[in-house]
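>>> Predicted coordinates and the sequence they were generated for:
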Amino acid sequence: RLLRRAARHGRLLGIDHPFLYQVCETVIAENASAYPELVEKKDYIIKVLKVEEERFSKTIDQGMEILNSIMDKISADQINQAVFSGEDAFRLYDTFGFPIDLTKEILAERGLPIDEEGFFRLMGEQKKRARDARKDVSGWDTDEMLDVEGKAEFVGYEKICSQGKILAILDEDGNPVDSLTEGMKATVVLDSTPFYAESGGQVGDSGVIVRGKSIFRVKDCKKSPTGQFLHLGVMKSGLMNVGDTIDSIVDEERRIAIMRNHTACHLLQASLRQVLGTHVQQAGSMVDEHRCRFDFTHFSAMTPEEIAQTEEKVNQLILGAYDVTVTEMPIAEAKKLGAMALFGEKYGETVRVCNVSGKSVELCGGTHISNTARIGLFKIISESSVAAGVRRIEAATGANVLELIRQDEALLAQTCESLKAGSPSELPQKAEAITAQLKDKEKEIEALQHKIADMRIEGLFENAMEVKGCKVIFAAFTGTAPDTVKAMCDQVRANAPKMIAVFACAQGEKATVFAACGDEAVKKGAHAGNLIRQLTAKLGGKGGGRPEQAQGGVTDIFKIDEALTEVPSMLESMIKD
């Protein structure tokens, strides 16, 4: 907020480019003794500050345009009674990222109050919609409180099978019931469970809860605000009651796949910090049995070389077969080890530390494999932007990498068959040959289009209309490239000084309209730009240009022929006698 306010006041002083980053070194030098970490991260701070200024420059341009248009609607005699609506303030914030405090500051300078109550009401409604979207798939809102005493004992770090007792059952609507019957969707609460509940970016476990021949299929596991583990699923067979002693069995294959991806996320962060710099911090993650998704702080898109280096470093850690140990310890001790923590996360006095033989040390409550070799392979699938200064990597591990390779091989085989290539190594040559053939054909088509256009122009010349001593031709073309139609306009203008040409060409659901006026026609008052503006206004579009030539885009393509017939009457009012 402070940076944005400073950037805005810089604009008020006439500085319309990023400038705050330029004074950064002085600020860092002045505060180096109190904050030595500023010196260590100087380059990163300067880069981020410059990027933020550039982004805010776009934000404030868009926001000020909207704000000014709203202000323009308020007349001078209304300004003392007017109030800037909460709806408009919220639109500026939600659509253009215009901070409310900045809106207030600008309005205060202009003597206009703002409906803050309306703004925060809309903010509250948006947050409520977000909360509603996060409701459990079972239909039960975890914000409600369970009437069950104590927290469940989680034994899933040590084992995937355990015995426990059913403490409560909730039906599909979240109502407490005494029994589970076949086909019933429900949430089961146990006193002890090996099922990991979704948290820290790791998805919940799945598996079964068994009593004799009765089976409850667990599809997901979540944690309630009171600390209970909520086993969401469906009763496949038999009957179960509150108070029954049961056996819980986690899907081992799925759990191991999730563990591979979770440990791989830790290796990924360590590798990113080596490749990109120590400014990289985890900003979020999601790991399931298929993929691992890792969000991290970084100011720009990674280059292909950086992605390749990161991927290689992760695979080196995997091939190194490093042991992974998870230990509980006081948070002060964990900090001494240099354990990385998730920014903004709250931790208790005792924490779990995941240590990959010193290569990666992080605070983590998730489940992990015992040795990096068990990850098998690591492959980055994509790298993209999530928000300002936050990037996202999606990756696969183990058997999922092999599946990706199989898919790529199948695609290569299909492409080889389509292009009649003997092997994938021949594909570049085949693709280049086909591209060259296409270019040749495009040139042939373009030449034919020019011939057809020339013939069409000859016909149009013969039937040209006369308006106050100038000749006027107009036509709509279908299947002709816009560049060709524009060239036709230019050709008419160059060869006929008193001629005015208006051509349109439709492509899909849109069309482009061109106009050209010869030099003599321009001297008599013809104006291609004004002509295009009038035409596009009738056809749901925009356009304009110089007196000699202009163009515009339209969407109402079915009215083009009708609109073109009005060209002579439009020129009547332009051309002087």
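Ah, there it is. Numbers count the residues shown, from 1 in each chain.

>>> and the spatially closest residue to A6 that is not a sequence neighbour, how many neighbours?
In space, and not counting its chain neighbours, A6 is closest to L20: 6.0 Å by Cβ to Cβ, 6 or more residues apart in numbering. Where you see a C-beta, it was placed from the backbone N, CA and C, and this is true even at glycine. L20: 19 surrounding residues under other Cβ atoms under 10 Å.

>>> what's the answer for G338, then?
For G338, the count of nearby residues is 9 (other Cβ under 10 Å).

>>> So K559 versus G541, what's the distance?
Noted for K559: a distance of 11 Å to G541, by Cβ to Cβ, to the nearest Å.

>>> Look at those two and report which has more neighbours.
Just comparing K559 and G541: by other Cβ under 10 Å the higher neighbour count belongs to G541, 19 against 12.

>>> Need the per-residue pLDDT for the closest residue to the more buried one other than its chain neighbours.
What sits nearest to G541 in space, not counting adjacent residues and going by Cβ to Cβ, 6+ apart, is V554, at 3.4 Å. Here the pLDDT value assigned to V554 is 92.

>>> Same question for T245.
pLDDT, T245: 96.

>>> quick one, phi/psi of it?
Per-residue torsions, T245: phi -90, psi 130 (degrees, to the nearest 10).

>>> A197 contacts G204, correct?
Yes. A197 lies in contact with G204 (Cβ atoms under 8 Å); the separation is 5.4 Å.

>>> just the strands in the stretch 201-350 of the chain please.
Along the stretch 201-350 of the chain, counting by DSSP state E, counting those that start in this stretch, strands occupy 207-211, 214-223, 229-237, 239-241, 245-250, 282-287, 292-297, 324-330, 350-356.

>>> Which of those strands sits closest to G479?
strand 292-297 (45.3 Å; Cβ to Cβ).

>>> what packs against that closest one?
Here strand 292-297 touches helix 252-275, strand 282-287, strand 390-397, going by 3 or more Cβ pairs under 8 Å, 6 or more residues apart in numbering; DSSP states H and E.

>>> Tell me which of the ones you listed sits nearest to V467.
Taking the helices and strands packed on strand 292-297 one by one with Cβ to Cβ, strand 390-397 is closest: 59.8 Å.

>>> Residues contacting the closest one, please?
For strand 390-397, contacts defined as Cβ atoms under 8 Å, 6 or more residues apart in numbering pick out 257, 260-261, 264, 268, 272, 283-284, 290-298, 301-302, 310, 375-386, 403-404.

>>> May I see the ChimeraX selection of the buried members of the residues you listed?
In ChimeraX syntax, the buried subset of the contacts of strand 390-397 is picked out as below (16 or more other Cβ atoms under 10 Å):
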select :257,260,261,264,268,272,283,291,292,293,294,295,296,297,298,302,310,375,376,377,378,379,380,383
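
>>> quick revisit: can you list residues touching both of A197 and G204?
Listed as contacting both A197 and G204 by Cβ under 8 Å, 6+ apart are C221, K222.

>>> which regions of this structure sit below the pLDDT cut-off?
Within the chain, the stretches with pLDDT under 70 are 1, 74-81, 130-150, 343-345.

>>> Stretch 356-364: how far from the chain's middle?
30 Å (Cα atoms, centre = their mean, to the nearest Å).

>>> Stretch 417-433 too?
Relative to its chain's centre, stretch 417-433 lies at 35 Å (Cα atoms, centre = their mean).

>>> Which SSE is immediately downstream of the longest helix along the chain?
Selection of the longest helix in the chain by residue count, based on DSSP state H, yields helix 427-462. Downstream of helix 427-462, the first helix or strand assigned by DSSP states H and E is strand 465-467.

>>> Residues contacting that following strand, please?
Strand 465-467 is contacted from outside by K471, V472, I473, I500, P568, L571, E572, I575, using Cβ under 8 Å, 6+ apart.

>>> Only the buried members of those: can you turn that into a PyMOL selection?
The PyMOL selection below is limited to those of these classed as buried (16+ other Cβ under 10 Å):
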select buried, resi 471+472+473+500+568+571+575
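
>>> that older thread, check which helices and strands the longest helix of the chain is in contact with.
Against helix 427-462 (3+ Cβ pairs under 8 Å, 6+ apart) you get helix 399-419, strand 470-478, helix 482-495.

>>> measure the most centrally placed residue in the chain to M329 for me?
Geometric centre of the chain, nearest residue: V386, 5.2 Å, by Cα atoms, centre = their mean. Here V386 is placed at a distance of 32 Å from M329 (Cβ to Cβ).

>>> From one end of stretch 181-193 to the other, what's the distance?
21 Å (Cα to Cα, to the nearest Å).

>>> Just confirm G233 contacts R217, I think it does.
Yes. With contact defined as Cβ under 8 Å, G233 reaches R217; the gap is 4.8 Å.

>>> who's more crowded, these two?
Applying other Cβ under 10 Å to G233 and R217 shows that G233 carries more neighbours, namely 23 against 14.

>>> Could you pull up the contacting residues of that one?
Contacts of G233 by Cβ under 8 Å, 6+ apart are K185, A186, V188, S206, I209, F216, R217, V218, K219, D220.

>>> For beta bridges, what are the partners of it?
As for beta bridges, G233 partners with A186, V218 under DSSP bridges.

>>> cool, and the one 4 residues further on?
Applying DSSP bridges to S237 gives these bridge partners: I215.
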